[in-house]
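Quick one: sequence plus predicted model below, questions after.
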Amino acid sequence: MDDGSGIDVRVLHVDDEPSLTDLVSVYLERESGDVDLSVTTSSSGADALDRLREEQVDCVVSDYDMPDIDGLEFLRAVRSEHPDLPFILFTGKGSEEVARDAFRVGATDYMQKNTGTDQYTVLANRVLNAVSQYRAKEASERYGAAIEALDSGVYSLDEDGHFTAVDSVFCDLTGYERGNILGQRFTDIATDGSNDLSDAFETVTSRGGTDTERFETILAPGPNADHDEILCEGHLAARQEGDEEPGVIGTLQDVTERSRHRERLHYETRLKDAVLDTSTSLMSAEADEIGTKIEWTLQTVGEVSDLARCSVYLYDDETNVAVQMHNWQKDSCHIDHPRRVALDDADWLVERLNRFENIRLHNTSDLPPEASNTKRILEAADTGGFVSVPVVSKWTLIGFIVFDVTDVGRSWTDTEVDLLRSVGDNVAHTLARQRREHELQRQNERLEEFASVVSHDLRNPLNVAKGFVELASEEGDVSYLDRAIDGLTRMDTLLNDVLTLARQGRKVGDTEPVSIEQVAERAWKAVETGDAELVVEDGLGSAQADQGRLQQAFENLFRNAVEHGSVESSEESVTALTNGSSDRAVEIGSSGEAVESGSAGTNAEANRAAEHATDTSPPDNAVSDSSERKTVVRVGPTGTGFYVADNGPGIPEDDRDTVFEHGHTTSESGSGFGLSIVESIVEAHGWEITATAPEPDLGGARFEFDVGGVRSEVEPRFSLSDD
């Protein structure tokens, strides 16, 4: 890499902290290996620009946050005078926005400062790679034209178009021996469609024709050729008067790669336009259009790039899988991408995505032996080659996009991969915006609910309390104060519930695997349940949850069941309940002690089969007179989660879709926020809750929690919000 002056690479390091520039200089010069690397320093962007005008520099390493002009302004100034000079933004004030802006302005690379000295080895490698690529590009542009000229074959034709002489370059180019080609007509070695060549020959040999004529033709390979058909460009010129023999002199050059390069540039231009169009569409999409716009983006990019399929996968940390959220595939492609991919089965792929790498594969067989599990997934999907790009938000990997073809040998250029990475970035930003808009909408809804409570729900008990206090004062009857206290008590209940929603809303803290049974039992002990009974079935298992918020959801459901259930106990209802389950049951009374009951009966399967029954009337074996039985609540497992059911009055089928709305209550003392709080906690976990048909042996309300699956409106592994 020596430029003749004895120094291989000259680096200009710009930073307003002199001690740091000295440290970086020492490490860069030491970590450059066999390369003679020299570092000069500058403490400001203005001084660095003067140095660039006076000194030879091979690479610029610059900080971002500087007093006179920041790193991006300095980069713009450098690019105005040195469009291709390697420039690495090396900054401690890093962010996704800074990195994106740096690359848009024209940064060669971006690196964030960390602690420790290993970072300087990485920085030295990036500097040397950037300089090497820059010099290779310069050499290619400088000598490309001369090399093309040297590759031209020369030949001569007689008046009838037969070869009379060819040089060695022509023979190497076409694959013909000189002895075999002489005497043949030029058009004999061209494939069908050689009209361009014939027209050129007739033009230069006719009277009044031009002196030279350009043509393109496809030549069939000769016996010694190591290639298939090649696209050639040539020129024909009539011999000058006075030559011994009339005829034509010609040149021939293989332009197959040039044509492919031209087609590639045309394709990359169309792909850039498509990425720009889709990015504009995603940025302007309304919240309810985002899913459709993402899939339109995949379709547009897939059709321009002639892909077979495109899929957006997001991570579900609870099940350690990547779930397909959006996809597109060509009509002629009959094999779908898998809906779910276990991360353990794609560890080779995931390891690289976690480093935010773009992954390209020309052929599935190129995978290394340690990627055998990834290879099985790709072969099952009939993938020939693919590009996979990470979907990143707030410097955290939340998923990836796969662009693939079913044919092997697809060549993916750097520009193409970079553009597909831009698609991934656009999708990530769009999902983040969707998340922020959803959260803003929820916050606005909570504000409206709060305003409704303050303006209406709180006003009524306030007026009641005020009125009875005035009556007590006017008439001297303190019995009115009891009625006033009732109003104040209801106000307290309303305030507690509405503040719970306003402060916590649909947010959860750190989640961990928690026992559903244990959380339910703790919640029961925290609620005033009187002589009500809790039965907990076996098989509840665990779920990834915020234990405190999940317990709050159970408490609200239990309180709701007790408040709406009967107050008098009956042994018959408990006996019928425990005999109706084949699982172990836990009964928790008002003392708060859990007692294990024996297994009895074989009705569990019948109970499960009747989960979705629509008859809300009590079964024959249940106690019909609700005034004679105690409230019983049961928690049991389902195929996708668990349920909470009671033997209270139940929920009419027409009301099951509205019971979670704020203000919905059938109790004069209820706030109407209890079930709404439950729903907000469930949604915060990415789960679903529904009011379903009652348990056959209970006949009351039943709420089913679905804790499986990943829904598009919930970020399945990481929060995509930028707040």
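Thanks, I have it.

Every contact and neighbour count from this point should use C-alpha atoms.
OK.

Please tell me how far the residue nearest to residue 545 when sequence neighbours are not counted sits from residue 548.
Leaving aside its sequence neighbours, residue 545 sits nearest to residue 511 (C-alpha to C-alpha, 6 or more residues apart in numbering; 4.5 Å). From residue 511 across to residue 548, the span is 10 Å (C-alpha to C-alpha, to the nearest Å).

all strands for the stretch 201-350 of the chain, in order.
With DSSP state E, counting those that start in this stretch as the criterion, the stretch 201-350 of the chain has strands at 212-219, 230-238, 248-254, 309-316, 321-329, 340-342.

wait, which of those strands is closest to residue 126?
Each of these was scored for nearness to residue 126 using C-alpha to C-alpha, and the closest is strand 309-316 (30.7 Å).

what's the spacing between residue 219 and residue 163?
Per C-alpha to C-alpha, residue 219 is found 15 Å from residue 163.

oh sorry, the question was meant for residue 216
With the distance defined as C-alpha to C-alpha, residue 216 ends up 18 Å from residue 163.

residue ranges with poor pLDDT in the stretch 401-550 of the chain?
Residues of the stretch 401-550 of the chain that meet the criterion pLDDT under 70 lie in 446, 449-460, 490, 493-494, 496-509.

make that the stretch 201-350 of the chain, sorry
Within the stretch 201-350 of the chain, the stretches with pLDDT under 70 are 207-211, 240-246, 317-318.

show me the contacts for residue 200.
With contact taken as C-alpha atoms under 8 Å, 6 or more residues apart in numbering, residue 200 is in contact with 213, 214, 215, 236.

When you filter the residues you listed down to buried only, what's left?
The neighbour-count test (16 or more other C-alpha atoms under 10 Å) marks 213, 215, 236 as buried among the contacts of residue 200.

need the contact list for the second one.
In other words, residue 215. 196, 197, 200, 233, 234, 235.

What of the last one?
Contacts for residue 236 (C-alpha under 8 Å, 6+ apart) come out as 200, 201, 204, 212, 213, 214, 248, 249, 250, 251.

For the fourth one, which non-adjacent residue is spatially closest?
This means residue 212. Closest to residue 212 by C-alpha to C-alpha, 6+ apart is residue 237, at 4.4 Å.

Assess the claim that that neighbour and residue 203 are in contact.
No: Residue 237 is beyond contact range of residue 203, at 9.5 Å (criterion: C-alpha atoms under 8 Å).

Overlap of the contact sets of those two?
Any residue near both residue 237 and residue 203 by C-alpha under 8 Å, 6+ apart counts here, and that gives residue 213.

now whichever strand or helix holds residue 514: how far from the chain's centre is it?
Element membership for residue 514 (DSSP states H and E) is strand 512-515. From the chain centre to the centre of strand 512-515 is a distance of 27 Å (C-alpha atoms, centre = their mean, to the nearest Å).

How about stretch 337-354?
With C-alpha atoms, centre = their mean, you get 13 Å for stretch 337-354.

cool, and stretch 261-278?
For stretch 261-278, the distance to the chain centre is 23 Å (C-alpha atoms, centre = their mean).

Pull out the CA atoms of stretch 420-431 and give them to me as CSV.
Output of stretch 420-431 as CSV, limited to C-alpha atoms (Å, rounded to 0.1, in the frame of the first residue of the first chain):
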residue,chain,number,x,y,z
LEU,A,420,-32.5,-4.6,1.1
ARG,A,421,-31.0,-3.6,4.5
SER,A,422,-32.7,-0.2,4.0
VAL,A,423,-36.0,-2.0,3.6
GLY,A,424,-35.4,-3.7,7.0
ASP,A,425,-34.6,-0.3,8.6
ASN,A,426,-37.7,1.3,7.1
VAL,A,427,-39.9,-1.6,8.4
ALA,A,428,-38.3,-1.3,11.9
HIS,A,429,-39.0,2.5,12.0
THR,A,430,-42.5,1.9,10.8
LEU,A,431,-43.2,-0.7,13.5
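
let's number from 662 now, not from 1
Got it, the first residue is 662 from now on, which makes the last one we talked about stretch 1081-1092.

Which SSE is immediately downstream of the lengthiest helix in the chain?
In the chain, assigned by DSSP state H, the helix with the most residues is helix 1075-1113. Counting by DSSP H and E, the next helix or strand C-terminal to helix 1075-1113 is helix 1120-1136.

May I see the buried residues of that next one?
For helix 1120-1136, by 16+ other C-alpha under 10 Å, it's 1121, 1122, 1123, 1125, 1126, 1127, 1128, 1129, 1130, 1132, 1133.

The third one reaches residue 1148, doesn't it?
Yes: if you go by C-alpha under 8 Å, residue 1123 and residue 1148 touch, sitting 6.5 Å apart.

Please tell me how far residue 1087 sits from residue 1054.
Residue 1087 is 11 Å from residue 1054, by C-alpha to C-alpha.

repeat for residue 1084
Residue 1084 is 14 Å from residue 1054, by C-alpha to C-alpha.

more neighbours, the two?
residue 1084 (24 against 21; other C-alpha atoms under 10 Å).

hmm, which of the contacts of residue 876 are the buried ones?
Applying 16+ other C-alpha under 10 Å to those flags 858, 861, 894, 895, 896 as buried.

if you go through the stretch 1162-1311 of the chain in chain order, where are the helices?
Taking DSSP state H, counting those that start in this stretch as the test, the helices found in the stretch 1162-1311 of the chain are 1177-1186, 1208-1225, 1232-1240, 1265-1270.

Please identify the pairing partners of the strand holding residue 1175 and their relative orientation?
Applying DSSP bridges, strand 1173-1176 is found paired with strand 1203-1206 (antiparallel).

list the buried ones in the partner strand?
For strand 1203-1206, the neighbour count (16+ other C-alpha under 10 Å) marks 1204, 1205, 1206 as buried.

Just the residues contacting that strand, thanks.
979, 1171, 1172, 1173, 1174, 1175, 1176, 1177, 1346, 1368.

Of the residues you listed, select the buried ones using a ChimeraX command.
Buried members of the contacts of strand 1203-1206, defined by 16+ other C-alpha under 10 Å, are picked up in ChimeraX with:
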select :979,1175,1177,1346,1368
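
Looking at the contacts of strand 1203-1206, which is nearest residue 1101?
Using C-alpha to C-alpha, residue 1346 comes nearest to residue 1101 of the contacts of strand 1203-1206, at 17.8 Å.

And that closest one, how close does it get to residue 1368?
As judged by C-alpha to C-alpha, residue 1346 and residue 1368 stand 8 Å apart.

Over to residue 892?
61 Å.

circling back: just the buried residues of the longest helix of the chain, please?
1077-1078, 1080-1097, 1099-1100, 1104, 1107, 1110-1111.

Then stretch 874-884?
Across stretch 874-884, burial judged by 16+ other C-alpha under 10 Å covers 874, 876, 877, 878, 879, 880, 881, 882, 883.

Show me what residue 1064 bridges to in the sheet.
Beta bridges link residue 1064 to residue 971, residue 1048, judged by DSSP bridges.

Kindly indicate which of the buried residues of strand 1203-1206 lies nearest residue 696.
Using C-alpha to C-alpha, those come closest to residue 696 at residue 1205, 52.8 Å.

Skip the chain neighbours and tell me the closest residue to the closest one.
Leaving aside its sequence neighbours, residue 1205 sits nearest to residue 1174 (C-alpha to C-alpha, 6+ apart; 4.3 Å).

how about stretch 988-1003: buried residues?
Neighbour counts over stretch 988-1003 (16+ other C-alpha under 10 Å) mark 988, 989, 990, 997, 998, 1002 as buried.

any idea how far that stretch is from the chain center?
17 Å.

Now the terminal residues of that stretch, how far apart.
One end of stretch 988-1003 sits 18 Å from the other (C-alpha to C-alpha).

Just give me the closest of the contacts of strand 1203-1206 to residue 973.
Checking these one by one against residue 973 (C-alpha to C-alpha), the nearest turns out to be residue 979, at 18.6 Å.

If you count contacts, what does the longest helix of the chain end up packed against?
helix 917-945, helix 951-965, strand 1046-1054, helix 1140-1165 (3 or more C-alpha pairs under 8 Å, 6 or more residues apart in numbering; DSSP states H and E).

ok, now with 10 Å
Helix 1075-1113 sits against helix 917-945, helix 951-965, strand 1020-1022, strand 1046-1054, strand 1057-1066, helix 1140-1165, with contacts defined as 3 or more C-alpha pairs under 10 Å, 6 or more residues apart in numbering; DSSP states H and E.
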